[in-house]
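Student: Got a predicted structure plus its sequence, pasted below:
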Amino acid sequence: MAEKVSKTLVWLVVGLAVMIFPGQALAGTVRLAVLGDSLTAGWMLSAQEAFPAVLERELRAKGYDVSVLNFGVSGDTSADGLARMDAVIAAKPQGVILELGANDGLRGLEPAQVQVNLEAIITGMDKARVPVLLAGMMSLAGMGRAYSEEFSQVFSGLAKKHHLAFYPFFLEGVAGNPALTLPDGLHPNAQGVEVMVKGILPTVEAFLKSLGR
């Protein structure tokens, strides 16, 4: 009888701890933040169709206890993302997927400046001890071959220099496919987001394992 009472008291204490300290009850949940632009914000899509939500759904289906926070803002350049870095750090994620540069490329901004901005984000995250998975981007073909090559090398170069988890092209399998993009031909539709998530998923899984999850 005493043993039963003792066990009951233990479970009552555990239950009270969960109610009083709900954050600790979710201590095992990995928080990933996606710092990006309209490609992650979910331009013209519902919140549940946006990249972060679909990524979270697919990771949870594979058994990962993960929450993916959407820090995508439509129209943002790498400089805009840098300005928002502290807000991302304040959310205390265990890891960040960095997806910026598409708008820089569309505007023909200097690749060297894009590199400076992205590197500032990477080093800022490093100081805050937040690992980064870098998503690469390509510029439009109309920008010229020289610009396109220099632009794409920004991402691979940063990944190599800082030993980052790296996915070479965020829009892999979607860019240029009318069936997977909105009428503007640039942004993914809901089906396109599914393809993007499927493509990057192995890289994200490896990233989570590097975090010890």
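Tutor: The structure has been received and is ready for your questions.
Student: From here on, just use CA atoms for contacts and neighbour counts.
Tutor: OK.
Student: so how far is Leu186 from Leu208?
Tutor: If you measure Leu208 against Leu186 using C-alpha to C-alpha, to the nearest Å, the figure is 29 Å.
Student: go on, Ala41?
Tutor: 14 Å.
Student: quick one: which of these two has more around it?
Tutor: With neighbours defined as other C-alpha atoms under 10 Å, Ala41 and Leu186 compare such that Ala41 has more, 23 against 18.
Student: these two touch, right, that one and Phe51?
Tutor: Yes - using C-alpha atoms under 8 Å, Ala41 is in contact with Phe51, at 7.3 Å.
Student: contact partners of stretch 200-207?
Tutor: Leu55, Leu59, Leu133, Ala165, Phe166, Tyr167, Phe170 (C-alpha atoms under 8 Å, 6 or more residues apart in numbering).
Student: mind listing what's buried in that stretch?
Tutor: Ile200, Leu201, Val204, Phe207 (16 or more other C-alpha atoms under 10 Å).
Student: List the residues that contact Glu56.
Tutor: Counted by C-alpha under 8 Å, 6+ apart, Glu56 has contacts Val66, Ser67, Val68.
Student: got these as a markdown table, with distance to Val88 and secondary structure columns?
Tutor: Formatted as a markdown table, the contacts of Glu56 follow (distance: C-alpha to C-alpha, whole Å; DSSP: H, G, I helix; E, B strand; the rest coil):
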| residue | distance to Val88 | secondary structure |
| --- | --- | --- |
| Val66 | 16 | strand |
| Ser67 | 14 | strand |
| Val68 | 12 | strand |
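Student: For Leu134, pull up the helix or strand it's in.
Tutor: strand 132-135 (DSSP states H and E).
Student: if you average pLDDT over that strand, what comes out?
Tutor: Averaging pLDDT along strand 132-135 yields 98.
Student: do the same with stretch 34-51
Tutor: 97.
Student: Got the phi and psi for Val96?
Tutor: Main-chain torsions, Val96, degrees, to the nearest 10: phi -130, psi 130.
Student: for it, what are its contacts?
Tutor: Leu32, Ala33, Val34, Leu35, Val130, Pro131, Val132, Leu133.
Student: so the first one sits in a strand?
Tutor: Yep, that's Leu32 we're talking about. Yes - the assignment for Leu32 is a strand, going by DSSP: H, G, I helix; E, B strand; the rest coil.
Student: Select the longest helix from the protein.
Tutor: Longest helix of the chain, by residue count under DSSP state H: helix 190-210.
Student: starting at the chain centroid, how far to that one?
Tutor: Its chain's average C-alpha position is 10 Å from that of helix 190-210, according to C-alpha atoms, centre = their mean, to the nearest Å.
Student: Show the subsequent helix or strand relative to the host helix or strand of Ser148.
Tutor: Assigned by DSSP H and E, Ser148 belongs to helix 145-162. Going down the chain from helix 145-162, the next helix or strand is strand 165-167, by DSSP H and E.
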